[in-house]
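# Give the three-dimensional model of this entry:
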Amino acid sequence: MTQRLRIAIQKKGRLADDSFAALKKCGLSFTIRGDGLLARVKNMPIDLLLVRDDDIPSFVANAVSDLGIVGENVLQEDILSAGGKMALSIERRLGFSKCRLCLASAEGGSINTPQDLQGTKIATTYPGILNNYLRENAITADCVEMKGAVELAPRIGIAPSICDLVSSGATLEANGLKAFETILESEAVLIKSAEVLSPEKQDIYDRLVSRLDGVIRSKDSKYIMLNAPRSQIENITKILPGSDAPTIIPLAGDDDLVAVQAVCTENVFWETLEALKASGARSILVLPIEKMMS
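Numbers count the residues shown, from 1 in each chain. Take a look at the predicted model:
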């Protein structure tokens, strides 16, 4: 019987949507049905366990699932709650579902720096991360744990400041709050159980991670094509962001003009195109890259 690799993924929400999209970019074919707890990948021996995000680290640490995709904020909170150690490792930082865990207080209030927290109360759903931050910064404050709606704490008198996730900052602004300190930059991470995989599962894992690496690398990568004077190739190569040696192709009928093709693994901004044009490049095309494999 074929062994199947298990991956624990958040059932619903932004992280779930981003995780499903990333796996589909890896070529995995699956269907999520209603409130089902399991989705079978049709074209690879992989099962997706659809669970609450805060269950994912323990599922992986206890080898209920071989892998998991979880927000780093949830992972760090669970690790700290478990005494600082879990039987798992971070295999990849996936570059999506990014957010910040921030300290925030009332706009125009008396708390504007971490030092102003001394002797106060702070409301949060992340007591482990917050208490660890307070210890490391020698701040004595009381952590008030809440299960949700943390942004309401200052308004209803629970605590004058909060520690909560921030994406756009719109929720803070709507509640008259401002962020004054970031204590964790979070994104989705791929975690793996410390239990050794069987050779069959290891092969599935290696194939999946190779594809994930290609998806991650292609996210901000662009394929650039342009024509340029042969004399300007050295300058143009220096301008191309994060590229290896470009491909140079002579153009028929013009010995001084060549076509340049390059994969750029960093963002290509309008300023980059303007610099290329100033160096003599023309007919510049920037194309997205869907997949990459080394």
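
# Tally up the residues packed near S105, please.
Number of residues near S105 (other CB atoms under 10 Å) recorded here: 26. Heads up, the C-betas are built off the backbone N, CA and C, glycines and all.

# and it, what are its bridge partners?
S161, K178 (DSSP bridges).

# Does it touch G176 like I think?
No. Counting by CB atoms under 8 Å, S105 stays clear of G176, with 9.8 Å between them.

# Could you pull up the contacting residues of G119?
T140, A141 (CB atoms under 8 Å, 6 or more residues apart in numbering).

# From D164, how far off is it?
Using CB to CB, to the nearest Å, one gets 21 Å for the distance from G119 to D164.

# Ok, R4 next?
From R4 to D164 the distance is 38 Å (CB to CB).

# Give me the more crowded residue out of those two.
D164 (25 against 16).

# Need the pLDDT of the residue lying closest to the more buried one once chain neighbours are set aside.
Spatial nearest neighbour of D164, excluding adjacent residues (CB to CB, 6 or more residues apart in numbering): V150 at 4.5 Å. On pLDDT, V150 comes in at 93.

# so what sits against both of S105 and G176?
P154.

# low-confidence ranges in the stretch 101-250 of the chain?
Where the stretch 101-250 of the chain drops to pLDDT under 70, the residues are 243.

# how about the helices of it, start to end?
Using DSSP state H, counting those that start in this stretch, the helices of the stretch 101-250 of the chain run over 127-136, 170-174, 199-219, 233-239.

# Can I get the longest one as CSV, trimmed to CA atoms?
Only the C-alpha atoms of helix 199-219 are listed here, as CSV (Å, rounded to 0.1, in the frame of the first residue of the first chain):
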residue,chain,number,x,y,z
PRO,A,199,12.2,6.4,2.4
GLU,A,200,8.9,6.5,0.4
LYS,A,201,7.6,9.6,2.3
GLN,A,202,11.0,11.2,2.1
ASP,A,203,10.9,11.0,-1.7
ILE,A,204,7.5,12.6,-1.7
TYR,A,205,8.7,15.3,0.7
ASP,A,206,11.8,16.0,-1.5
ARG,A,207,9.7,16.4,-4.6
LEU,A,208,7.2,18.7,-2.8
VAL,A,209,9.9,20.9,-1.3
SER,A,210,11.7,21.2,-4.7
ARG,A,211,8.4,22.5,-6.2
LEU,A,212,7.8,24.9,-3.2
ASP,A,213,11.3,26.3,-3.7
GLY,A,214,10.5,27.0,-7.3
VAL,A,215,7.2,28.7,-6.4
ILE,A,216,9.0,30.8,-3.7
ARG,A,217,11.8,31.8,-6.1
SER,A,218,9.4,32.7,-8.9
LYS,A,219,7.2,34.9,-6.8
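
# contacts for it?
The contact list for helix 199-219 (CB under 8 Å, 6+ apart) reads 2-5, 22, 25-27, 44-46, 66-67, 91-92, 94-95, 190, 192, 197, 265, 289-294.

# what does stretch 249-268 give?
So stretch 249-268 is contacted by 217, 220-231, 233, 236-237, 240-244, 246-248, 281, 286, 289, 292 (CB under 8 Å, 6+ apart).

# switch to 6 Å and redo it
The contact list for stretch 249-268, computed with CB atoms under 6 Å, 6 or more residues apart in numbering, reads 220-230, 240-243, 246-248, 286.

# Tell me which of these fall in strands.
Of the contacts of stretch 249-268, the ones assigned to strands by DSSP state E are K222, Y223, I224, M225, L226, N227, A228, P229, T247, I248, V286.

# From what I see, the fourth one and I284 are in contact.
No. Taking CB atoms under 6 Å as the contact criterion, M225 and I284 are not neighbours in contact, 7.5 Å apart.

# and S231, how far is that from L240?
Computed as CB to CB, the S231 to L240 distance reads 17 Å.

# Between these two, tell me which one has more neighbours.
Ranked by neighbour count (other CB under 10 Å), S231 and L240 place L240 first, with 23 against 10.

# separation between that one and A259?
Counting by CB to CB, the gap from L240 to A259 is 14 Å.

# ditto for G176
Distance, G176 to A259, using CB to CB: 57 Å.

# Tell me, how many residues neighbour the spatially closest residue to C163 that is not a sequence neighbour?
Spatial nearest neighbour of C163, excluding adjacent residues (CB to CB, 6+ apart): T124 at 3.8 Å. Residues contacting T124 under the criterion other CB under 10 Å number 24.
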